[in-house]
Structures are given as C-alpha cells and as structure tokens.
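[1] Quick one, what's the 3D model for this:
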Amino acid sequence: MTVNSATSILVLAIPQSMCSRTALQLSKGEWPQLQLPLANLCAGGNIVSSSYLYGGTYNHFKVTFKKFGIGVKFVHGDDPAGFAAAIDENTKAIYVESIGNPKYNVAPIPEIAKASCANLRVSIPGDN
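    Okay, the predicted model is just below:
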C-alpha cells in the first residue's frame, strides 16, 4: 500500500488543532456527504451546515437527506457561534466547505471546531 505523506501529515495535524481524537481525509467531495448517513446518521438525526455550499451539495442536503429522515440545519455564513448554537442532542456532524461557494469565503474551521468542542460526539466532515 502506498501512503501519501501529505495526507499522513494532514490527518495527524487536524486532531491536534481542533480538539479531536481522529481525522480522515477523503479524495472526493461527495464521499464525505455519503459518509454521513452511512457512518453515523439515521432518521431523526441532523447535521449543521454552512449555507455557503456548492449547489449540488446544498441540493443533496436539502432534498436527498430529507428522504432518509435526516435533517440539515443551515447556518447563514460561517460564524462559529452560529454553528455552536445550532447543535442539539440529535446533531451528529457539522459540515463545511473550506472555501465556500458561491461567496469564496474561507471557513474558519479550527474556530468552528473549537466552538463546537463542548459537544464531542459531533464530527466535522468537509469539502476542500
């Protein structure tokens, strides 16, 4: 098996900077979206997501997840306090794009993670 050294560094550095135990780097934007329902979401669960998303991702969350009974709470923009406030007992993940679409904003992912650290059961998949 070949190991990408940049990926190895990334998955070691992310947990250290974001009060997390682990990180997983995936190579396709749709995979984190699919990883959510397959890994840790079921009907009645929800995720919190920035509203600054690629159109396909937004549609996936708004339409497809609803078919599975999974809710998505959209936070306008990428304010860490907004993410923390939107988390409830059924929230399993926070989703962000590192560079939001269509605003081209750079999400403050470490700050979003730290604002959400009180709730350690929440994972933070994202799209780069």
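[2] can you list the weak-confidence ranges in this protein?
    By pLDDT under 70, the low-scoring segments of the chain are 1-40, 118-128.
[3] What's the biggest strand in it, counting residues?
    strand 91-97 (DSSP state E).
[4] helices and strands around that one, which ones?
    For strand 91-97, the packing partners by 3 or more C-beta pairs under 8 Å, 6 or more residues apart in numbering; DSSP states H and E come out as helix 30-39, strand 46-50, helix 109-115, strand 126-127. In this view, the C-beta of every residue, glycine as well, is placed from N, C-alpha and C.
[5] three-state assignment of Lys62?
    helix (DSSP: H, G, I helix; E, B strand; the rest coil).
[6] in which helix or strand would I find the closest residue to it other than its chain neighbours?
    Distances taken as C-beta to C-beta, 6 or more residues apart in numbering put Val72 closest to Lys62, at 6.7 Å, once the chain neighbours are dropped. In the assignment (DSSP states H and E), Val72 maps to strand 71-75.
[7] Of all the residues in the helix or strand following that strand, which ones are buried?
    Next along the chain after strand 71-75, taking DSSP H and E as the criterion, comes helix 80-86. By neighbour count on 16 or more other C-beta atoms under 10 Å, the buried set for helix 80-86 is 80, 82-84, 86.
[8] next one: stretch 66-74
    For stretch 66-74, a neighbour-count test (16+ other C-beta under 10 Å) marks 70-74 as buried.
[9] CA-only coordinates of it in PDB, if you can.
    Taking C-alpha atoms only, stretch 66-74 is exported to PDB below (Å, rounded to 0.1, in the frame of the first residue of the first chain):
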ATOM      1  CA  LYS A  66     -34.900  14.600   3.800                       C
ATOM      2  CA  LYS A  67     -35.900  11.400   2.000                       C
ATOM      3  CA  PHE A  68     -33.900   9.500   4.700                       C
ATOM      4  CA  GLY A  69     -35.500  11.400   7.500                       C
ATOM      5  CA  ILE A  70     -32.200  13.300   8.200                       C
ATOM      6  CA  GLY A  71     -32.400  17.000   8.900                       C
ATOM      7  CA  VAL A  72     -29.900  19.700   7.900                       C
ATOM      8  CA  LYS A  73     -29.800  22.900   9.800                       C
ATOM      9  CA  PHE A  74     -28.200  25.600   7.700                       C
END
